[in-house]
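> Dropping the sequence and predicted coords here.
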Amino acid sequence: MPTEKITFTGALGDELSAKIDWPDEGEVKSWVLFAHGFSIGKDLKPVRTISSTLVEEGYGMMRFDFTGLGESGGNFSDTNFTTNCDDLRKAAGYLRQNHSAPCILVGHSFGGTAALKVADEIPECKAVATIGSPCDTTHIIHQFADQIEEIEEEGQAKVLLGGRPFIIKEQFLDDIANHDIAAEIADLGRALLVFHSPQDAVVRIDNAGHIFGRARHPKSFITLNGADHLLLKDPKDAEYVARILAAWAPRYTTAR
């Protein structure tokens, strides 16, 4: 599959790294924009698996690193949920200008929450899929709950996320308290597909129930029974997600 490595300007003015994958033959059915999870990146193996599987099914896909992560420029400690959403909008704009605007937004974990937030601002977007995503922005606090007091007293703290050190500033806490994702879900106006594992130890399954319950039809839920949060335990989990996406998307992205 052809892969193009590109950069575009992110929310804070930094150059963000992205990869664009598409079929080597035939026209692209639709373009998919993928938003990775909190502190992870575009090159996590399950993300690459989802991309390659969708490309096999005739889709084009753009995946990128949020500001301060992976190969993207910028300082992670200056980012928050708002800047993530802005990065996602910028990525959609790049696709619109250089290929075709994304018809489908897919987000893993916190990236899925961002996709729910921005979908209605991308007119060409017809469908949204979340994978193990929180139903609200404050859920992320549990990953460094024991250091909240230090962040509030000192203005920042070094926390471990996925075994790696990151600086979380007080501005991050202030920002996540100012988003009403429940309202965004209710007003989504797009087809929704929710993937979640009952065994997800990072984002509990009740988050999927809240997202699904607040959303209006058309909406669907797929249980990823036995899968872990990052879809790393079994490579077949990420491939399953992509196959379901490829079968589900045309119902909403193709004129009927």
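That came through fine. Residues are numbered from 1 along each chain as shown.

> contacting residues for residue 138?
Counting by CB atoms under 8 Å, 6 or more residues apart in numbering, residue 138 touches 176-177. Where you see a C-beta, it was placed from the backbone N, CA and C, and this is true even at glycine.

> now do residue 150
Residue 150 is in contact with residue 157, counting by CB under 8 Å, 6+ apart.

> How about residue 67?
10-12, 14, 16, 73-76, 78-79, 83-84, 87.

> Pull out the buried residues from these.
Among the contacts of residue 67, the ones that count as buried by 16 or more other CB atoms under 10 Å are 10-12, 14, 16, 73-74, 76, 78-79, 83-84, 87.

> Now the phi/psi pair for residue 64, please.
phi -140, psi 160 (degrees, to the nearest 10).

> That one bridge partners, please.
Beta-bridge partners recorded for residue 64 (DSSP bridges): residue 18.

> Once you drop chain neighbours, what's closest to residue 242?
Nearest in space to residue 242, with sequence neighbours left out and distances taken as CB to CB, 6 or more residues apart in numbering, is residue 53 at 3.5 Å.

> circling back to that earlier point, out of the buried ones among the contacts of residue 67, flag the one nearest to residue 36.
residue 84 (9.9 Å; CB to CB).

> Among the contacts of residue 67, name the ones in helices.
With DSSP state H as the criterion, helices contain 83-84, 87 from among those.

> Identify, from those, the entry nearest to residue 119.
Distances from residue 119 to the ones in helices among the contacts of residue 67, taken by CB to CB, are shortest for residue 84, at 13.8 Å.

> How much space separates that closest one from residue 187?
Applying CB to CB, to the nearest Å, the value for residue 84 to residue 187 is 20 Å.

> rewinding a little: in the contacts of residue 67, find the pair that's most separated.
Farthest pair in those, by CB to CB: 73 and 84, 15.0 Å.

> Give me the phi and psi angles of residue 93.
phi -60, psi -40.

> before we move on, back to that, dump the ones in helices among the contacts of residue 67 to a markdown table, plus distance to residue 151 and pLDDT.
Converted to a markdown table, the ones in helices among the contacts of residue 67 look like this (distance: CB to CB, whole Å; pLDDT from 0 to 100):
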| residue | distance to residue 151 | pLDDT |
| --- | --- | --- |
| 83 | 18 | 98 |
| 84 | 18 | 98 |
| 87 | 23 | 98 |
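
> out of those, which one sits closest to residue 22?
Distances from residue 22 to the ones in helices among the contacts of residue 67, taken by CB to CB, are shortest for residue 87, at 21.4 Å.

> check contacts around that closest one.
Here residue 87 is in contact with 10-11, 16, 64, 66-67 (CB under 8 Å, 6+ apart).

> ok, now residue 50?
Counting by CB under 8 Å, 6+ apart, residue 50 makes contact with 34, 61, 106, 238-239, 241-242, 245.

> any idea whether it is helix, strand or coil?
Secondary structure, DSSP: H, G, I helix; E, B strand; the rest coil: residue 50 is helix.

> Nearest residue to it in space, please, no chain neighbours.
residue 242 (4.4 Å).

> quick one: the one you found from residue 145, how far?
33 Å.

> Same drill for the two, tell me which one is more crowded.
Comparing residue 242 with residue 145 by neighbour count (other CB atoms under 10 Å), the higher total belongs to residue 242, at 24 against 10.
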